[in-house]
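> my questions concern the predicted model and sequence given below.
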Amino acid sequence: MFETALVGARIFTGDTILVDHALLLGRDKVVGLAPLSSLPRDARMQRIEGLLAPGFVDLQVNGGGGVLFNAMPTPEGAAAIAEAHSWHGSTALLPTFITDRPDAMQQAIDAVRLAVDARMPGIAGLHLEGPFLSQARSGAHDRSLIRTMTDADVDLLLATGIEHLLLTVAPEVVSPKQIERLVRGGVVVSLGHSDADADTVFAAIDAGATGVTHLFNAMSQMTGRAPGLVGAALERGEVWAGLIADLHHVDPIMMRIALASKRLPGRLMLVTDAMPPAGTPEDGDDEFELNGRTVRREDGRLTLADGTLAGSDLTMDRAVAHAVFDLDLPVEEALRMASLYPAKFMGMERSHGRLEAGRTADLVLLDETMRCERCWRNGIELPQPAPVAAASPGSAALPDASSAAASAASSIARA
């Protein structure tokens, strides 16, 4: 039996858009969908307007709300990041820890395991992006911390106790045998920050790798006689790939070409690759530290001093908007790229990505510009953040990390 019927909005189920229907909610699950004409007269109804869709699933989130997970690898840090992104429709995400010291990586693993065990809202697992990457394609990762994978590293990764663990590796520095062992142990392996040729990539895919991290960025490109990682990802149908659709990381023309040429059934997914400025006021030029180096936000771009892109300030509702209005994708496909496809890739499709009976009641309500108006996580509508005053000239625009963590703790208590 349902407790509340959400009425008045168009409803995207994950497959199609319904009108004149109600979404029926139980305590924390979707009970079902029903025509408005079939609702009991005494049903408890909540009227909403806009487009109601499955909550977004973001698999690459380095930070948000002023918090960087590498700098705050604690349950509170992960919760603060999840809270900041929930205000933009991401109801499940993987806090992402990039290349760092082994002891710091262990802290991140412990933090996410504790957060997941405590059922902290929004934290679905962990993404370890490195340190087993290519020196030649390090991007914003600290080259001094990049290293080759050992059998002891494989043992560590298989013992995290985290159900949804995503690992980005370069196939030229991690062997097919290591990939095969990781995949057998439940780790989802994605390929990225790699200068590998297509044959090396194909060997990693044959060993069990099923994803490519931020397609086009920090990887061997596709040319006429050398397909590289980009060409291999588009050719192999079983491989999923993430796209940072902020219009800075990849030109829209290249994204449209990738969307048109990707061999099925694997799909392209939206990711934010978000850093601390995500979810903070856009006025002012912000700075934060990444492995001892300054990253600056200016005109929507996050860069190191040498101009290297260092993540983004993207939120998932903006990514969906870019997919619809700049890539000319149907709304339904853009929404699947933000929810159903990442859920399938991570083995979360039984609970996320669709609005149907038995699924987790994670919902996002979007306006006509695809901006998140309201959001529900586990059936609970989340309070919108109080407006943040614009920073005065010369002042820091990012909130203090401890304040963000305290806000997240308050949100957890409410949930």
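Nice, I can see it.
> quick check: mean pLDDT of the longest helix along the chain?
As assigned by DSSP state H, the longest helix anywhere in the chain is helix 102-117. Across helix 102-117, the average pLDDT comes to 98.
> stretch 205-212 too?
Mean pLDDT, stretch 205-212: 98.
> repeat that for stretch 138-155.
96.
> residue 229 sits in which helix or strand?
helix 228-235 (DSSP states H and E).
> not counting that helix itself, show me its contacts.
Applying CB atoms under 8 Å, 6 or more residues apart in numbering, the set of residues contacting helix 228-235 from outside is 191-192, 194, 196-198, 201-202, 205, 212, 215-216, 219-222, 227, 239, 241, 258, 261-263. Every residue, glycine included, has its C-beta placed from N, CA and C.
> now the buried members of those.
191-192, 194, 196-198, 201-202, 205, 212, 215-216, 219-220, 222, 227, 239, 241, 258, 262 (16 or more other CB atoms under 10 Å).
> quick check: residue 58 is in a helix.
No: using DSSP: H, G, I helix; E, B strand; the rest coil, the assignment for residue 58 is strand, not a helix.
> coming back round to it: buried residues, the longest helix of the chain. List them.
104-105, 107-113, 115-116.
> chain neighbours aside, what residue packs nearest to residue 17?
Once flanking residues are discounted, residue 17 sits nearest to residue 10: 5.4 Å by CB to CB, 6 or more residues apart in numbering.
> ok, back up a step: for the longest helix of the chain, packing partners?
Contact analysis of helix 102-117 by 3 or more CB pairs under 8 Å, 6 or more residues apart in numbering; DSSP states H and E lists helix 75-86, strand 90-98, strand 126-129 as its packing neighbours.
> strands of the stretch 201-350 of the chain, start to end?
Along the stretch 201-350 of the chain, counting by DSSP state E, counting those that start in this stretch, strands occupy 211-212, 240-244, 268-271, 287-290, 293-298, 301-303.
> pLDDT score assigned to the residue nearest the centre of the chain?
Here the mean C-alpha position of the chain is nearest to the C-alpha of residue 58 (CA atoms, centre = their mean), at a distance of 1.8 Å. According to the prediction, residue 58 has pLDDT 98.
> ditto for the one 10 residues further on
We have a pLDDT of 97 for residue 68.
> one more: the one 10 residues further on?
The predicted structure scores residue 78 at 98 on the pLDDT scale.
> please tell me how far it sits from residue 259.
Separation of residue 78 from residue 259 (CB to CB, to the nearest Å): 31 Å.
> the two: which is more packed in?
Between residue 78 and residue 259, residue 78 has the larger neighbour count (other CB atoms under 10 Å), namely 30 against 18.
> coming back round to it: quick check, nearest of the buried residues of helix 102-117 to residue 303?
Relative to residue 303, the closest of the buried residues of helix 102-117 is residue 104; by CB to CB it sits at 23.4 Å.
> is that closest one in contact with residue 74, as I believe?
No: with contact defined as CB atoms under 8 Å, residue 104 does not count as touching residue 74 (11.5 Å).
> now residue 180. Nearest residue, chain neighbours left out?
residue 207 (4.5 Å).
> domain-wise, how is this protein divided?
4-53+357-381, 55-345 (automatic domain parsing).
> first vs last residue of the last one, how far apart are they?
The reference is to domain 55-345. By CA to CA, to the nearest Å, the extent of domain 55-345 from end to end equals 16 Å.
> now stretch 192-203
14 Å.
> now do the SS call for residue 154.
helix.
> so how far is residue 217 from it?
When residue 154 is compared with residue 217 (using CB to CB), they lie 26 Å apart.
> with residue 280 instead?
Distance from residue 280 to residue 217, by CB to CB: 23 Å.
> okay, those two: which has more neighbours?
Ranked by neighbour count (other CB under 10 Å), residue 280 and residue 217 place residue 280 first, with 21 against 18.
> surely the more buried one meets residue 85?
No: the criterion here is CB under 8 Å, and residue 280 misses it with residue 85 at 11.7 Å.
> now list whatever residues contact both of these two.
Common neighbours of residue 280 and residue 85 (CB under 8 Å, 6+ apart) are residue 65.
> these two touch, right, residue 236 and residue 205?
Yes: at 5.4 Å, residue 236 and residue 205 qualify as touching, with contact defined as CB under 8 Å.
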